[in-house]
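J.: please find the sequence and the predicted model below.
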Amino acid sequence: MTTNAQTYDLSFLNKALLPAVIDELRYYASIASTNTEASRLIEQGQIRGNTLLLAEEQTAGRGRLRRTWLSDPHDSLTFSLAIHGDHLSVLDNPQMLTLVAAVAVTDAIKELAGIQAAIKWPNDILLNGKKACGILVEAVWQPPALQGAIVGIGINVGAKAVPTGTNLRYPPTSLEDACGFAVQRESLLVSILQSFFQWLPHMNEAAFRSHYQNHLAFIGEWVNIINSEDQSILSGQCMGISQQGSLMLQQTDGTMIHCTAGEISLRQNNHK
Ligand code: ATP
Ligand code: BTN
């Protein structure tokens, strides 16, 4: 079953997004990675305002820590939003953008597919407990200033986008598999961007935190935080997120730990 046999309807996207939502749209039929390209454009001062880089195909899509993001042209949605430093007063904490992006994806999925997605803190979106989307936020610094930020999002929209026969870190799924019908990529993209820019100015408010926590996977459950550098494991009960976007874990002795997103991975702890 093919969800999106054709490429993007760019005239629809231009009308829906410019100039109300974004300042510029750059489309690539094939590119190594939209995050890498966005980073290059920011470094060279070629980004004005909020620029969307949308790719039909990525030949070297990236996750964190040089991991690979696999995508299938036509069935995946892969894009990066490049935000000029001048456009963000929040750039003292760019990692908060991961949380805003996660909420935007869950909002859009609810709107268009009618299903509740869960956020596996900090950067994955789960449908029925499986990974359907990954988010990669990167900052471009030119000390002492932050030149810009990049919010990269990859979503398995159609069933064919789900990688097969590969050794994945988490079981994958697609939006189509989870909701049972084909969701149009253009509508999904517009809805994500609209929600992202609606939440962005409010990300330090209690309403945002509460909305985020309503979608947080494993809340109230026992989880492990695995440090990718030394494989050390911290266990605790997932209590939600702090105002700075850290994950709060309560240990058996009552101690509350604040985990910041770094070289760590969150996993459910089934032994508690
Ligand atoms: P963790 O779950 O350990 O926190 P992560 O989910 O944040 O890791 P990254 O570290 O950013 O993931 O790396 C991306 C990972 O996503 C890859 O290593 C791969 O296992 C997985 N992956 C790649 N492409 C897809 C896809 N289309 N759908 C689901 N998972 C994918
Ligand atoms: C993750 O799995 O945790 C993050 C994956 C992020 C993938 C997206 S696809 C668009 C953008 N370009 C990339 O190379 N990566 C991000």
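T.: Noted; the coordinates are in hand. Ligands and ions are numbered 1, 2, ... in the order given.
J.: where does the stretch 101-250 of the chain get nearest to ligand 2, which residue?
T.: Relative to ligand 2, the nearest point of the stretch 101-250 of the chain is Gly134 (2.1 Å; Cβ to the nearest ligand atom). The C-beta positions use only the backbone N, C-alpha and C, and glycine is treated the same way.
J.: does ligand 1 have contacts with the helix or strand harbouring that residue?
T.: Per DSSP states H and E: Gly134 is located in strand 130-142. Yes - Strand 130-142 is in contact with ligand 1 by Cβ under 6 Å from any ligand atom, via 131, 134.
J.: what's the mean pLDDT across that strand?
T.: On average, the pLDDT along strand 130-142 is 95.
J.: list the buried ones in that strand?
T.: The neighbour-count check on strand 130-142 (16 or more other Cβ atoms under 10 Å) flags 130-140 as buried.
J.: tell me the one of these nearest ligand 1?
T.: Nearest member of the buried residues of strand 130-142 to ligand 1, counting by Cβ to the nearest ligand atom, is Lys131, at 4.4 Å.
J.: okay, Glu57: pLDDT?
T.: pLDDT at Glu57 comes out at 98.
J.: so what's the residue count around it?
T.: Counted with other Cβ atoms under 10 Å, residues neighbouring Glu57 total 17.
J.: with Gly254 instead?
T.: 6.
J.: please apply the same query to Gly49.
T.: 13.
J.: likewise for Thr164?
T.: 8.
J.: lowest-pLDDT helix or strand in this protein?
T.: strand 264-268 (a mean of 90; mean pLDDT, DSSP states H and E).
J.: from what I see, Lys130 and Tyr170 are in contact.
T.: Yes - checked against Cβ atoms under 8 Å, the pair Lys130 and Tyr170 is within contact range at 7.3 Å.
J.: Ile31 versus the residue of the stretch 51-200 of the chain found nearest ligand 1, what's the distance?
T.: Residue nearest to ligand 1 within the stretch 51-200 of the chain (Cβ to the nearest ligand atom): Gly63, separated by 2.4 Å. Relative to Ile31, Gly63 is positioned 16 Å away (Cβ to Cβ, to the nearest Å).
J.: got it, and Ser232?
T.: 37 Å.
J.: neighbour count winner among those two?
T.: Between Ser232 and Ile31, counting by other Cβ under 10 Å, Ile31 is the more crowded of the two (21 against 10).
J.: wait, doesn't that one sit right on Glu37?
T.: Yes - using Cβ under 8 Å, Ile31 makes contact with Glu37 at a distance of 5.8 Å.
J.: hmm, back to that, ok, the residue of the stretch 101-250 of the chain closest to ligand 2 touching Thr68?
T.: No - in this structure Gly134 lies outside contact range of Thr68 using Cβ under 8 Å: 10.5 Å.
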